[in-house]
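[1] My questions concern the predicted model and sequence given below.
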Amino acid sequence: MSRKLEYMNQMPKVDISLIPPEVAETIAATVCEAVLEWLIEQQEKEKAEQQEKENAT
């Protein structure tokens, strides 16, 4: 088992039913926003790499 998984298995478990709905909504929105930003960055990197390849030929 990887070290990361071992570490995660040692972390205390959280009962998510104890999280108030408005807090859960904020967490979900923050995670979604971060994922979308990351996807946009990846897409921009891919476009830049493709442009470099096209310019090289």
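    Sure, I can see it.
[2] name the element the residue most central in space within the chain belongs to?
    Residue closest to the average C-alpha location in the chain (C-alpha atoms, centre = their mean): residue 35, at 4.5 Å. Here residue 35 is covered by helix 21-56, with elements defined by DSSP states H and E.
[3] Could you list the buried residues of that helix?
    When burial is assessed from 16 or more other C-beta atoms under 10 Å, helix 21-56 yields no buried residues. All C-beta atoms are positioned from the backbone trio N, CA, C, and that covers glycine.
[4] Tell me the pLDDT of the residue nearest to the centre of the chain.
    Residue 35 is assigned 96 on the pLDDT scale.
[5] do the same with residue 1
    At residue 1, the pLDDT value in this model is 55.
[6] Can you give me the distance of the residue nearest to the centre of the chain to residue 47?
    Applying C-beta to C-beta, to the nearest Å, the value for residue 35 to residue 47 is 19 Å.
[7] repeat for residue 9
    39 Å.
[8] quick one, phi psi at residue 15?
    phi -80, psi 100 (degrees, to the nearest 10).
[9] pLDDT score for it?
    84.
[10] Residue 18: neighbour count?
    Residue 18 is flanked by 7 other residues according to other C-beta atoms under 10 Å.
[11] same question but for residue 19, I mixed them up
    Residue 19, neighbours per other C-beta under 10 Å, totals 13.
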